Every structure is written in structure tokens, then in C-alpha cells.
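Colleague: Only the shape, not the letters, is given here:
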């Protein structure tokens, strides 16, 4: 299945990615946590940003979700640090 | 001793007084309650306004006080309904 | 750190809320928040249509009472400045009655202090409203128990 | 009774706080209170002098998140209308960042709803601040635990 990934703020800057399209194996149940683990295998920087000490938040289709949220085909998934607006 | 009396809002309108100077017997201890009782003797309207069912507030020299507050020579004493500003 | 300011105004004239908030904001660069309350005349009260409102006050005591309320807010919360403007005289529906604005470094303090000042103003500042109804009748506005309750929360 | 309105704006441009409050006020004659919060850029953060701030956001999600927060405020309190304006891009100390304004018949509802919207905006709306310090260094602003605590109060 195909998903769209977005990165913001510190993650975007450090990973040097703001957006990418990604294909995930069809026959598996994908969650946010599983996706993070997959991306963390790309290298130390990815592991630090997504599975390290700094908190990372995720949204699926513009809704804040936790690590157990299920991912579906066509989803837009965003990773970002805790927000600091206002 | 001499005091100055002020009336506001419903009291001013009903008693048809906004201000008056009053002389009180020197040899007594005057409190707000005692002053109200004295004024109430002026007639039914006064009794209703100062000792009746409608709440009345008092201030001495611009400070809200209760019925037990002591009155001194030269005080400015005001009677008025509960406030309704804002 | 400059001294804390404090302004209380009782006036017949209308006021410019945006200008007052801007003045508070621009006063110091360590201000991060301005919370303000604007009260206006409603066209209905206790079920009746109101055509105008006349505000009477106790000159001399009013200013002292408002300053005491603001001083108490400043002693309770870490705020930079506070402004209270209250109108007197005859007003119509949609006219502004009162502005309370509070500046502070962080938002929590400004929210609490602003609401505190309004709650105390409602029970302690000597203003009285008389309303003229569309029926032609006029009456003094009655104080609300809910205002006493609101004030009690802070004690 | 007209339908409740709701406005959320995310913009580069500055906004006119006084004008926005006036618009909210004048919308209906049964409005008695408008409570507003203005946030501005401070010149200091965690002990360092800030020369400018850049606000990034997640376009699409931001608007939905703010609208969801306002909708939740409307379901919890009896308010008439609410407005949220949040700026993005590069700002300097004393620049306005955010305006939250709420109108209602009575003051309590407007105070609570306005503070609620700000508390939720701080934890749920996807904005990120990067600050440029006077030293020349730049850094991402860290989220504060106190903002999580403020939000928890409402749950």
C-alpha cells in the first residue's frame, strides 16, 4: 500500500526531508510504531529523530494519533516534535 | 459630632435626598446600624429603604463596611443598593 | 524592570479597545500576553427589551474601589499592568460599558487577573444601572446572586 | 437566533485586534461580553535575547485542529462566536502572534472558552517556533510541561 509522509520542524530540518511517498508491504498490519521502526533503520539520525529521547508526535490524515494507530492505504502520515504555537 | 450622608440609586430616588449633613449626639457610640435605625424613624419610606427587605450597603469614607462599623466625627457615610456595574 | 503601572478611568466618553490593548502590549518587550474583557449593553434583560441604560456611580469611591481591586490582582498574580475603563451616563444596546485589560509575561496570570478584576468590580465598585424599557417603563437593575458566587470563588 | 459562526485564520499578515473585537461585539445585540487573548513575541526566552521568531505550521491540519478546538469550546460553553487568528512566518519582539476572541451573553462563559481555546491551541495545533537569538544562534523552541498541565485542567 502507498502512504504519504510529512516531516516538520526539527525533524524536517535534521532528516532533510519535508515529504516523501512510501510503499509498505501489503500483507502486514501497519501501525505508527511499526512505521517508525522501519524508518529508524535508515540510519542513526533517523533512529534518533523517531525512536530517540526527543518526543515525537504523529498525525494520520490531520488527526493527532498515538503509536498504536493503524495505517491504511492512501493515508497522509506526519511526524513532528511537540507543538509550540500560540 | 457631624457627619455627611450620601444616598445613591434607588435610595436617592425614593428618599429624594442625594446628600445631607447631620449632627449626631456626642456622648454615644455610633455604628452604621444605629444610624440606620435613627434615620428609619423619619417615616415609613425611610424605614423601608434602610431597614426593610431590600438589601442596603454602606460605605464609610469610600470603604465598604458592615452594620457594626463605628462612625467618627467628620465621616462621609453612604447608603446604596448592592452595586450593578460592569 | 520598570515600576508597575495602573490605570483606572471612569468616563462618559466611549473608549477605543484596540488602542488600549496596543498601548498595554507595546509597553514592555517582556510582555507575552494581554487578556481583555469588554462588556457591552444587551438589548434584553430578564425577558424585557431594553432601549437604554443609565449608569450612576459614587464619584471618589469608585476610583478608590477600582484601584484597590487592581492592586489586589497585582499582589496575587505576576502581571505587568492592568487597565480598567468604566463608562457612566446614558448608553444604548451595543455600546461598550467596561474594559478590563491585563498584560503579563505568560497567559495564565493575565487570564486569572482579568477575570478576578471583573468579578470584584461586579460586587465592589459603586455603579448602579437603571434601564429604560421599550415599554416606556424604567427600573433599577437588580444585583445578581451569581455575581456574589463568582466573587466567592477567589476567597 | 442566527447560527453560530466560527472563524479560524492562519496568515502571514498582522491583524487588527480592535477591529476583530468590534466585529464580534457588533454581531448580535444579545452579546454582553467579549473576552480576548493577544499573544505577542517576547524579547527574551529561557534567559536569552531573541531577535526574531519563525513560525512553521502544518497547512491543512492546522485549520482543522483549530476548528476542532473551537467546536469543542462551543459544545462546552454557551458562547455566541469565537475567532482564532494565528500568524506564521518571521516575527520580531512586540509583534502579535495570536488572537483568540470569544463573545457570549455573560462573562463567565467567554472567559472559560477563551482560556480553553488557548490551552488547547498550545498543545494540539501544529505550529512550531524557531527563534533566532541576538548571539546569532538559532534554535527550535521546546514545548513546555506547563502547557500540558494547563490543558489537563479541562479534562
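Modeller: That came through, no problem. This structure is a prediction, so every number in the text was calculated from the model and none was measured. Numbers count the residues shown, from 1 in each chain, chains lettered A, B, ... in the order given.
Colleague: For the residue in chain A that chain C sits nearest to, I want the exact helix or strand it lies within.
Modeller: Of all residues in chain A, residue A:86 sits closest to chain C, at 7.9 Å by Cβ to the nearest Cβ. For the C-beta atoms, the positions are set from N, CA and C on the backbone; glycine is no exception. Taking DSSP states H and E as the definition, one finds residue A:86 inside no helix or strand.
Colleague: what are the ranges of the strands in chain A?
Modeller: Per DSSP state E, chain A carries strands over the ranges A:2-7, A:19-23, A:57-60, A:63-65, A:76-80.
Colleague: Then chain C?
Modeller: C:7-11, C:33-40, C:44-45, C:48-57, C:79-87, C:89-91, C:96-104, C:127-133, C:138-140.
Colleague: what does the average pLDDT come to for the first one?
Modeller: Think strand C:7-11. Regarding strand C:7-11, the rounded mean pLDDT is 96.
Colleague: Can you spell out which helices and strands pack onto that strand?
Modeller: helix C:61-76, strand C:79-87 (3 or more Cβ pairs under 8 Å, 6 or more residues apart in numbering or on different chains; DSSP states H and E).
Colleague: Over to the fourth one?
Modeller: When contacts are defined as 3+ Cβ pairs under 8 Å, 6+ apart, strand C:48-57 packs onto strand C:79-87, strand C:89-91, strand C:127-133.
Colleague: need the residues of chain C near chain A, please.
Modeller: Within chain C, the positions lying close to chain A (Cβ under 8 Å from any Cβ of the partner chain) are residue C:107.
Colleague: Try it again at 6 Å.
Modeller: Contacts of chain C with chain A, taken as Cβ under 6 Å from any Cβ of the partner chain, are absent.
Colleague: now the strands of chain A as TSV including mean neighbour count and mean pLDDT?
Modeller: Converted to TSV, those look like this (neighbours: other Cβ atoms under 10 Å in any protein chain shown; pLDDT from 0 to 100):
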stretch	mean neighbour count	mean pLDDT
strand A:2-7	17	98
strand A:19-23	10	97
strand A:57-60	20	98
strand A:63-65	15	96
strand A:76-80	21	98
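Colleague: ok, back up a step: please work out which of the strands of chain C is packed deepest.
Modeller: strand C:33-40 (a mean of 26; mean count of other Cβ atoms under 10 Å in any protein chain shown).
Colleague: For residue C:88, give me its contacts.
Modeller: Residues near residue C:88 by Cβ atoms under 6 Å, 6 or more residues apart in numbering or on different chains: C:55, C:57.
Colleague: now residue A:12
Modeller: residue A:18.
Colleague: how close does it get to residue D:121?
Modeller: Residue A:12 is 21 Å from residue D:121, where distance means Cβ to Cβ, to the nearest Å.
Colleague: Kindly report the residues of chain C close to chain B.
Modeller: So far as Cβ under 6 Å from any Cβ goes, chain C lies against chain B at C:39, C:56, C:58, C:60-61, C:64, C:98, C:121-122, C:125-129, C:140-141, C:143.
Colleague: Kindly apply the preceding question to chain A instead.
Modeller: Counting by Cβ under 6 Å from any Cβ, no residue of chain A is near chain B.
Colleague: Among the helices and strands packed on strand C:7-11, single out whichever gets nearest to residue A:22.
Modeller: strand C:79-87 (49.2 Å; Cβ to Cβ).
Colleague: Please work out which residue of chain C is closest to chain D.
Modeller: residue C:18 (1.4 Å).
Colleague: That residue against residue D:18, yeah?
Modeller: Yes: the pair residue C:18 / residue D:18 is scored as a contact, 1.4 Å apart, by Cβ atoms under 6 Å.
Colleague: ok so, going back, adding distance to residue D:26 and mean pLDDT, write the helices and strands packed on strand C:7-11 out as CSV.
Modeller: Below are the helices and strands packed on strand C:7-11 laid out as CSV (distance: least, Cβ to Cβ, whole Å; pLDDT from 0 to 100):
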stretch, distance to residue D:26, mean pLDDT
helix C:61-76, 26, 97
strand C:79-87, 17, 97
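Colleague: Same list (the ones you listed) but as TSV, adding distance to residue D:152.
Modeller: Below are those laid out as TSV (distance: least, Cβ to Cβ, whole Å):
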stretch	distance to residue D:152
helix C:61-76	22
strand C:79-87	23
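Colleague: Looking at the ones you listed, spot the one closest to residue D:89.
Modeller: Closest among these, using Cβ to Cβ: strand C:79-87, at 26.5 Å.
Colleague: ok, residues contacting that closest one?
Modeller: Outside strand C:79-87, the residues touching it (Cβ under 6 Å, 6+ apart) are C:5, C:7-10, C:15, C:20, C:24, C:31, C:66, C:70, C:97-104, C:109, C:113.
Colleague: Same check on stretch A:24-37?
Modeller: So stretch A:24-37 is contacted by A:1, A:50, A:51, A:58, A:67, A:68, A:69, A:70, A:71 (Cβ under 6 Å, 6+ apart).
Colleague: so which of those residues would you say is closest to residue A:19?
Modeller: residue A:58 (14.8 Å).
Colleague: Output the below-cut-off pLDDT ranges for chain A.
Modeller: Along chain A, no part satisfies pLDDT under 70.
Colleague: Near chain D, which residues of it are found?
Modeller: Counting by Cβ under 6 Å from any Cβ, chain A sits next to chain D at A:8, A:9, A:10, A:59, A:62, A:82, A:83, A:84, A:85, A:86.
Colleague: can you rerun that using 10 Å?
Modeller: Chain A has residues A:6, A:8-14, A:54-55, A:57, A:59, A:61-64, A:76, A:78, A:80-86 near chain D, with proximity defined as Cβ under 10 Å from any Cβ of the partner chain.
Colleague: The closest residue in space to residue A:71 that isn't next to it in sequence and residue D:24, how far apart?
Modeller: Leaving aside its sequence neighbours, residue A:71 sits nearest to residue A:30 (Cβ to Cβ, 6 or more residues apart in numbering or on different chains; 4.0 Å). Distance, residue A:30 to residue D:24, using Cβ to Cβ: 45 Å.
Colleague: Between the two, tell me which one has more neighbours.
Modeller: residue D:24 (24 against 20; other Cβ atoms under 10 Å in any protein chain shown).
Colleague: The more buried one contacts residue D:34, doesn't it?
Modeller: Yes: with contact defined as Cβ atoms under 10 Å, residue D:24 counts as touching residue D:34 (5.3 Å).
Colleague: just to revisit the earlier point, can you check what pLDDT the model gives the residue of chain C closest to chain D?
Modeller: pLDDT, residue C:18: 98.
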